[in-house]
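**Q** Have a look at this prediction, sequence included:
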Amino acid sequence: MRRPDRTFDPFSESPVDGVIAAHCSVKVISGQFLSDKKVGTYVEVDMYGLPTDTIRREFRTRVVPNNGLNPVYNEEPFVFRKVVLPELAVLRIAVFEDTGKLIGQRILPLDGLQAGYRHISLRTEGNFPLSLPTVFCRIVLKTYVPVEFGDLVDALSAPIQAMSQAEKREKAMKDMGIDEKDISDVPVVSREQTKASKQPSNGQASSSPNNSTMPQQAAAGGKKEERKEEMTFEGITREKLMSEKVYFKLLRKQPKDLEMLKRRHQKERSMMMRAHCTVVDKLVASHDKEKSATEKSMEKKLKKNKDSSTDLKTQSEGKVMNLVTEHKTKVKELVLVQTKEWSDMVQRQMTEEHELWTEHTLQQNETLSRLLEEAQREQMTELSAKQERENRELRNNQAKHSMDSTKTVLNDKTIKNKQERDRRVRELNENNTKKFIEERKRFANKHSRQVENLKKVHSEQTEKMLAENQKALEMIEMAHEEAKMAARPETVV
């Protein structure tokens, strides 16, 4: 009680941490020199201690009439099944006349008792010793052992016998062709546990009969629960998401946008091609007209000046050659301008097409990411629903088990008095509460592990999706760079 790391609850029905509960049995056999009168007598045995250890006016012998000298009671043992804190418990043995008058009593600390047959001298109500009155009793002191650990204690107390029984059982199972592994997960109820419901209220130390099988069932189901702990979901991949209707709808829409862009580009090319051809045709026609006009003027001059025809002819040819050279230069300049315009237009169209491809890829990536989030939310919702069903089933099973075990104790005909039945019910409820809390904590830990594992898988899927989306964008960018590097200046003239 002085340790800060321990909590002491005086009203607890379960043993205190670090303290071993005791089991005490008192059999009142007879009395000696109780009274010099010819009166009837009886003996009461009470226990005082913690509220759960205090038992008053429940255990009393029958009245032996007209014998105050040496009455023989020879009653069934009065069993204090579980003493939670023996250091604080005291045993009171009191002898009364049949009229209810106290003859004598003795109050003994439980941790000072010694097992065996004992003559216990009595004292007065003021704790003064009486000379002759004594009570002959048989006291049995044991360590309290719950029923679920009874087989283990029996095996430890008689290991050779336990080993021989285990070998016989294994041999019998082999003879019947049964493998030990096939029934390792089946809860086994021992004969002692089966007989627990038939034990009288003053029998050996025991717990509730239904309560005894719970740890074994929990241990037996532990492996199965571990196997079922991980709820597997189908992996969410990019290929699986691409088969969704939303993604197909997007893929049907995007080619239409690309086709419209290509038609617009083709229209621009046709218009520029016609414009360039028209300009070139006009330039060539003007050049031809200018050349023919120059040639005609030179011919007229040659006809007028026949004497200097050779010089004029040479001069006219030189002038025509200069004119042709000038025309070629203008045509080249025009072709260069048109080539630049055409190349700029092709580059611009390539950039627009690349931007559209990039936009389409971003839309696809966004759609896939949204589908991934929706699928992950569905998995998380499914996991939450499954966990809620498990919790609801667990609560229903716990409530059913609590009701069944309480009903078993209430219907146990071997429990003679209401106080013992109430103690059994309180102890059962407290033990069930602890077990139920542990089970719910175990389920909560299991569910949190499932959620964390699923979140981890979802995080890996999201990272993989982001990497694949980035890779798709990089491929689009790489194709655009290759197209830019492969592009050359061109013209349609």
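**A** It's in. Numbering: from 1, shown residues only.
**Q** and stretch 120-139, how far out from the chain's middle?
**A** 63 Å (Cα atoms, centre = their mean, to the nearest Å).
**Q** Give me the residues contacting it.
**A** Residues outside stretch 120-139 that contact it (Cβ atoms under 8 Å, 6 or more residues apart in numbering): 24-35, 43, 77, 93, 95, 102-108, 113-119. From N, CA and C alone the C-beta is placed, and that goes for glycine too.
**Q** Now do the end-to-end distance for it.
**A** Start-to-end span of stretch 120-139 (Cα to Cα, to the nearest Å) is 11 Å.
**Q** and that stretch, which residues are buried?
**A** Going by neighbour count (16 or more other Cβ atoms under 10 Å), the buried part of stretch 120-139 is 120, 122, 130, 133, 134, 135, 136, 137, 139.
**Q** Just give the number of residues close to residue 117.
**A** For residue 117, the count of nearby residues is 10 (other Cβ atoms under 10 Å).
**Q** what about it, is that helix, strand or coil?
**A** Assigned with DSSP: H, G, I helix; E, B strand; the rest coil, residue 117 falls in the strand class.
**Q** Residue 481 is in what secondary structure piece?
**A** In this structure, residue 481 is located in helix 418-486 according to DSSP states H and E.
**Q** which helices and strands does the strand or helix carrying residue 278 pack with?
**A** For residue 278, the host element (DSSP H and E) is helix 245-304. Contact here means 3 or more Cβ pairs under 8 Å, 6 or more residues apart in numbering; DSSP states H and E; on that basis helix 245-304 packs against helix 309-410.
**Q** Only alpha carbons, please: show stretch 369-385 as PDB.
**A** The C-alpha trace of stretch 369-385 is given here as PDB (Å, rounded to 0.1, in the frame of the first residue of the first chain):
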ATOM      1  CA  SER A 369      -4.800   9.600 -58.600                       C
ATOM      2  CA  ARG A 370      -8.500  10.400 -57.900                       C
ATOM      3  CA  LEU A 371      -9.500   6.800 -58.600                       C
ATOM      4  CA  LEU A 372      -6.600   5.600 -56.400                       C
ATOM      5  CA  GLU A 373      -7.800   7.800 -53.500                       C
ATOM      6  CA  GLU A 374     -11.400   6.500 -54.000                       C
ATOM      7  CA  ALA A 375     -10.300   2.900 -54.100                       C
ATOM      8  CA  GLN A 376      -8.200   3.400 -51.000                       C
ATOM      9  CA  ARG A 377     -11.100   5.100 -49.200                       C
ATOM     10  CA  GLU A 378     -13.300   2.100 -50.100                       C
ATOM     11  CA  GLN A 379     -10.700  -0.300 -48.700                       C
ATOM     12  CA  MET A 380     -10.500   1.800 -45.500                       C
ATOM     13  CA  THR A 381     -14.300   1.900 -45.200                       C
ATOM     14  CA  GLU A 382     -14.500  -1.800 -45.700                       C
ATOM     15  CA  LEU A 383     -11.800  -2.400 -43.100                       C
ATOM     16  CA  SER A 384     -13.600  -0.100 -40.600                       C
ATOM     17  CA  ALA A 385     -16.900  -1.900 -41.300                       C
END
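**Q** Please compute how far it lies from its chain's middle.
**A** 16 Å.
**Q** Use 11 as the first number for this chain going forward.
**A** Will do, 11 is the new start, and the previous item becomes stretch 379-395.
**Q** before we move on, the earlier item: nearest to residue 283 among the buried residues of stretch 130-149?
**A** Within the buried residues of stretch 130-149, the smallest distance to residue 283 is 121.1 Å, found for residue 149 (Cβ to Cβ).
**Q** Need phi/psi at the closest one.
**A** Dihedral pair for residue 149: phi -110, psi 130, per degrees, to the nearest 10.
**Q** swap in residue 18?
**A** Main-chain dihedrals, residue 18, degrees, to the nearest 10: phi -110, psi 120.
**Q** quick one on the thing from earlier: quick one: work out the angle between the helix holding residue 491 and helix 319-420.
**A** Orientation check (axes from the mean of the first three to the mean of the last three Cα atoms, to 10 degrees): helix 428-496 against helix 319-420 gives 170 degrees.
**Q** how close does residue 99 sit to residue 59?
**A** Separation of residue 99 from residue 59 (Cβ to Cβ, to the nearest Å) stands at 3 Å.
**Q** Spell out which residues are contacts of both of the two.
**A** Taking Cβ under 8 Å, 6+ apart as the contact rule, residue 99 and residue 59 both touch 93, 120.
**Q** quick one: low-confidence ranges for the stretch 261-410 of the chain?
**A** Segments of the stretch 261-410 of the chain classed as low confidence (criterion: pLDDT under 70) are 311-312, 314-323, 325-326.
**Q** try 90
**A** 261-382, 385-386, 389, 397 (pLDDT under 90).
**Q** Give the closest residue to residue 84 in space, chain neighbours not counted.
**A** residue 39 (5.8 Å; Cβ to Cβ, 6 or more residues apart in numbering).
**Q** For stretch 76-84, list the C-alpha coordinates in CSV.
**A** Output in CSV follows, covering the C-alpha atoms of stretch 76-84 (Å, rounded to 0.1, in the frame of the first residue of the first chain):
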residue,chain,number,x,y,z
ASN,A,76,-28.6,-30.7,26.6
ASN,A,77,-24.9,-31.2,26.4
GLY,A,78,-22.7,-28.3,27.5
LEU,A,79,-19.8,-30.5,28.7
ASN,A,80,-18.6,-32.3,25.6
PRO,A,81,-20.9,-31.7,22.6
VAL,A,82,-20.0,-33.4,19.3
TYR,A,83,-20.8,-31.3,16.2
ASN,A,84,-18.8,-33.1,13.5
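**Q** returning to what we had before: among the contacts of stretch 130-149, which lie within helices?
**A** Members of those lying in helices (criterion: DSSP state H): none.
**Q** Got a PyMOL select line for the buried ones in these?
**A** In PyMOL, this line selects whichever of the contacts of stretch 130-149 come out buried by 16+ other Cβ under 10 Å:
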select buried, resi 34+35+36+37+38+40+41+44+45+53+87+103+105+113+114+115+116+123
